[in-house]
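Asker: Return a 3D structure for these sequence lines:
(one chain, ligands or ions: 1)
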Amino acid sequence: MNIANKTVLITGANRGIGRALVDEALRRGAKTVYAGTRSGALQNTDPRVTPLTLDVTDLAQIQRGVDEVGTLDVLINNAGIAIYDDLSNLDVIEQHLAVNFLGMLKMTRAFLPLLRRGLVDDDSSRPESNFAFYLEESALVTLGVCYERVPRFGGGAYHSILRRLEEFSSEPLRSALKVHEKRATMVLDLEERVAAVVKKLKERGLVSPYLRSFVVARINPLRWIKDEPPPLEEVLKTMRERTMKFNVEKIKPQDLAGAAGPPDEI
Ligand SMILES: NC(=O)c1ccc[n+]([C@@H]2O[C@H](COP(=O)([O-])OP(=O)(O)OC[C@H]3O[C@@H](n4cnc5c(N)ncnc54)[C@H](OP(=O)(O)O)[C@@H]3O)[C@@H](O)[C@H]2O)c1
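Answerer: Residues are numbered from 1 along each chain as shown. Here you go, the predicted structure:
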């Protein structure tokens, strides 16, 4: 990963791996390294290093960090604890969750807008495919936009469809993002219609935690396509039409027996 001229924030930077990460980021030419520590103190005099008082369990300190940092390219959630103790002790488990899980979640949620801005403002003329390392899968960008708009969205049911039909584009990231946003609108529109079908199935007394996955699997045309599939937009349109024709009266409890999770891998 190339972090030359980038702005990096590392939590738990006063010792151990965090401290080594600060040194490595500087060695690789980072422009600014924000070093988060609980005490605010740091033994590093490099002018590119800015110490931040940052306990990752403290939302007020996190927010102050967001205000101070302004723009960010890389966030390293390094801070963590590993108390080897009696794991029947709930206090110890809660401490681990507070730092290692919730701390990381709070940091990521708070700094996400800065990371997004850093990516889009600075680098958006580069092809989306150049970002494959960060973004992992093209489908995850579309799902990410869905989650951003509707935090309670359940993307699992649609992931295999998007994954089969989306790939990283050679268009600039700026334009590729617009395409993902358009697709996300279509997915969310479809999801609304799927939710309406699920509601009707429930009203008929059908109960299963997998009703949504069942409906999505039923309307998914890719199940029958072995050759080159149509473009995603076309598939989503077909699925949307199928939700409107979905006859809930025909579904029997035994039809649900095989539906135990998101649609099978395609
Ligand atoms: N070393 C390993 O073999 C290993 C293996 C697997 C995973 N890890 C994980 O990798 C990370 C770094 O490991 P390490 O060996 O460098 O650990 P370490 O020497 O124990 O350092 C942990 C760092 O996290 C900071 N920290 C703890 N709670 C915090 C909080 N609430 N807010 C902000 N900072 C907090 C500590 O700050 P204070 O100095 O103020 O306590 C310290 O800087 C940890 O998350 C660890 O669990 C390490």
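Asker: Quick one: name the residues of the stretch 101-250 of the chain near the ligand.
Answerer: Within the stretch 101-250 of the chain, the positions near the ligand by CB under 6 Å from any ligand atom are Gly103. In short, each C-beta sits where N, CA and C put it, glycine included.
Asker: And the residue of the stretch 101-250 of the chain that's closest to the ligand?
Answerer: Gly103 (5.6 Å; CB to the nearest ligand atom).
Asker: pLDDT value on whatever residue of the stretch 51-200 of the chain ends up closest to the ligand, please?
Answerer: At 1.9 Å from the ligand, Gly80 is the closest residue in the stretch 51-200 of the chain, using CB to the nearest ligand atom. On the pLDDT scale, Gly80 is placed at 97.
Asker: can you give me the helices for this structure?
Answerer: Ranges of helices in the chain, per DSSP state H, are 16-27, 59-69, 90-96, 104-123, 132-135, 138-149, 156-165, 173-203, 211-219, 232-245.
Asker: what's the shortest one in contact with?
Answerer: Yep, that's helix 132-135 we're talking about. 1, 119, 128, 141, 168 (CB atoms under 8 Å, 6 or more residues apart in numbering).
Asker: Could I get the buried residue list for that helix?
Answerer: For helix 132-135, the neighbour count (16 or more other CB atoms under 10 Å) marks Leu135 as buried.
Asker: Pull that helix out as CSV, backbone CA atoms only.
Answerer: This file holds the C-alpha atoms of helix 132-135, laid out as CSV (Å, rounded to 0.1, in the frame of the first residue of the first chain):
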residue,chain,number,x,y,z
ALA,A,132,-9.5,-2.7,-5.7
PHE,A,133,-7.1,-3.2,-2.8
TYR,A,134,-9.0,-0.8,-0.6
LEU,A,135,-12.5,-1.6,-1.8
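Asker: pLDDT on that helix, on average?
Answerer: Mean predicted confidence for helix 132-135 is 82.
Asker: chain center to that helix: distance?
Answerer: 12 Å (CA atoms, centre = their mean, to the nearest Å).
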